[in-house]
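Chemist: My questions concern the predicted model and sequence given below.
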Amino acid sequence: MFGDQFKSYLFSSENPKKWELFKAFNDSAKPVADAGFIYTDDAVKNEIAACNNVVQEFNPSIQVGAIDPKVNIPKYLTKLDAAGMQKIVSDVNTQYAAWKKLKK
């Protein structure tokens, strides 16, 4: 909407120093410690595909409340585990730990 929000007009109800304060807020932000970590999914591509199939099976019905969550969430989680979700999580954690060790 705005090419540069710092040049946008203020409403009469807004603090006249709004953009100065906003810039000071932005300038005080600290970088995310984990910025730069890039996960490579080569070792678990099949598991990711299988988990995506499970997600496509359950998510639409869960999100709109078309199925009983008490019954179907446990089924969902069981199918995700069977599809290899824990292998994916383990692979991400292994790569992250190795990256973090190199970063120190």
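Modeler: Done, it's in.

Chemist: can you pull out the helices in this protein?
Modeler: 18-27, 45-63, 69-83, 85-103 (DSSP state H).

Chemist: tell me which residues in stretch 57-72 are buried?
Modeler: 58, 62 (16 or more other CB atoms under 10 Å). C-beta here means a position set from N, CA and C on the backbone, and glycine is covered the same way.

Chemist: Next one: the residue of the chain most remote from its centre from Pro31, what distance?
Modeler: Distance to the chain centre peaks in the chain at Ser12, reaching 37.0 Å (criterion: CA atoms, centre = their mean). Using CB to CB, to the nearest Å, Ser12 is found at 36 Å from Pro31.

Chemist: ok, Thr78 to Ile67 distance?
Modeler: Counting by CB to CB, the gap from Thr78 to Ile67 is 15 Å.

Chemist: That should have said Gln5, apologies.
Modeler: 42 Å.

Chemist: ok, and the closest non-adjacent residue to Pro16?
Modeler: Of all residues not flanking Pro16 in the chain, Leu10 sits nearest, at 6.7 Å (CB to CB, 6 or more residues apart in numbering).

Chemist: does the one you found really touch Glu20, like I thought?
Modeler: No: with contact defined as CB atoms under 8 Å, Leu10 and Glu20 do not form a contacting pair (11.4 Å).

Chemist: and the one helix or strand in the chain whose mean pLDDT sits lowest, how far out from the chain's middle?
Modeler: Within the chain, no helix or strand scores below helix 18-27, which has a mean of 94 by mean pLDDT, DSSP states H and E. Mean-position distance between helix 18-27 and its chain equals 26 Å (CA atoms, centre = their mean, to the nearest Å).

Chemist: Ok, stretch 45-61 next?
Modeler: The answer for stretch 45-61 is 17 Å, by CA atoms, centre = their mean.

Chemist: Now do the buried residues in it.
Modeler: Applying 16+ other CB under 10 Å to stretch 45-61 flags 47-48, 50-51, 54, 58 as buried.
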